[in-house]
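[1] Let's see this in three dimensions:
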Amino acid sequence: MPNIGSYLKKHTEALVKDVGIEAACEITGKSKATLGRYYSDNDEHSDRFMPIESVAALEAAASYPHVTAALSELCGATLSFDDRRKNSDERSGGVNTDVIALSQRFAMLMSEYHTSIEDGIITVNEAKRLLRETVALQQVLIDMKLHLEDETV
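    Numbers count the residues shown, from 1 in each chain. Here you go, the predicted structure:
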């Protein structure tokens with residue numbers, strides 16, 4: 001990746017905006033100006049990045065670990081983030097339930113893709129919706145993998 005810095009800054013901005021600038025200031029103890037410098041693409045701020053403890057604190061409050069996901073992508077790792085808030089730690093159902101969920105999620109992804117590509121252009125918001133569906137599909141595959149591993153033990 002040619003410009004890792006701007007890639008990380010983009011995800012840092014997404015993290016701050018996810019939490020909210022005021023809340024991010026409270027959580028990190030940093031000013032709005034300081035937080036802004038961490039994701040600014042101005043040359044004078046090109047070497048400034050958010051400290052890792054601030055990233056960790058913000059990601060605990062965010063809906064998604066934006067910077068951690070970006071870092072994992074940069075090194076070729078896959079991040080599994082499960083934002084489903086279940087009442088139980090047990091994975092209900094089994095492989096058959098997973099196959100049904102997989103087909104439903106895939107149908108939702110294809111429907112979203114069809115809607116997005118109708119005009120020949122996938123907008124940023126459409127790409128975000130496609131990404132959410134792709135991540136949900138990935139989570140179903142992870143659940144299925146765990147169920148299959150349970151059955152082979």
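[2] Cross-check the contact I'm expecting between Trp69 and Leu79.
    I think there's a mix-up here, since residue 69 is Ala and not Trp. Yes: under the contact definition of C-beta atoms under 8 Å, Ala69 touches Leu79, with a separation of 5.1 Å. C-beta: built from backbone N, CA, C; applies to glycine.
[3] Pick out whichever of the two has more residues nearby.
    Counted by other C-beta atoms under 10 Å, Ala69 and Leu79 do not tie: Ala69 has more neighbours, with 19 against 14.
[4] show me what contacts Ala70?
    By C-beta atoms under 8 Å, 6 or more residues apart in numbering, Ala70 lies in contact with Tyr7, Leu8, Lys10, His11.
[5] swap that for Asn42, sorry
    Contact analysis of Asn42 by C-beta under 8 Å, 6+ apart lists nothing.
[6] tell me the phi and psi of it?
    The phi/psi pair for Asn42 (degrees, to the nearest 10) reads phi -70, psi 140.
[7] confidence score at it?
    pLDDT for Asn42: 92.
[8] Next: His11.
    The model's pLDDT for His11 equals 95.
[9] Ok, Phe81 next?
    Predicted confidence (pLDDT) for Phe81: 62.
[10] ok, now Glu90?
    pLDDT at Glu90 comes out at 51.
[11] Can you give the domain ranges for the chain?
    4-74, 95-152 (automatic domain parsing).
[12] who's in contact with His66?
    Contacts for His66 (C-beta under 8 Å, 6+ apart) come out as His11, Thr12, Ala14, Leu15, Asp18, Glu59.
[13] thought the second one was touching Pro51?
    Translated: Thr12. No: using C-beta under 8 Å, Thr12 makes no contact with Pro51, being 10.9 Å away.
[14] Of these two, give the one with the bigger neighbour count.
    Each of Thr12 and Pro51 has its neighbours counted (other C-beta under 10 Å); Thr12 has more, 22 against 11.
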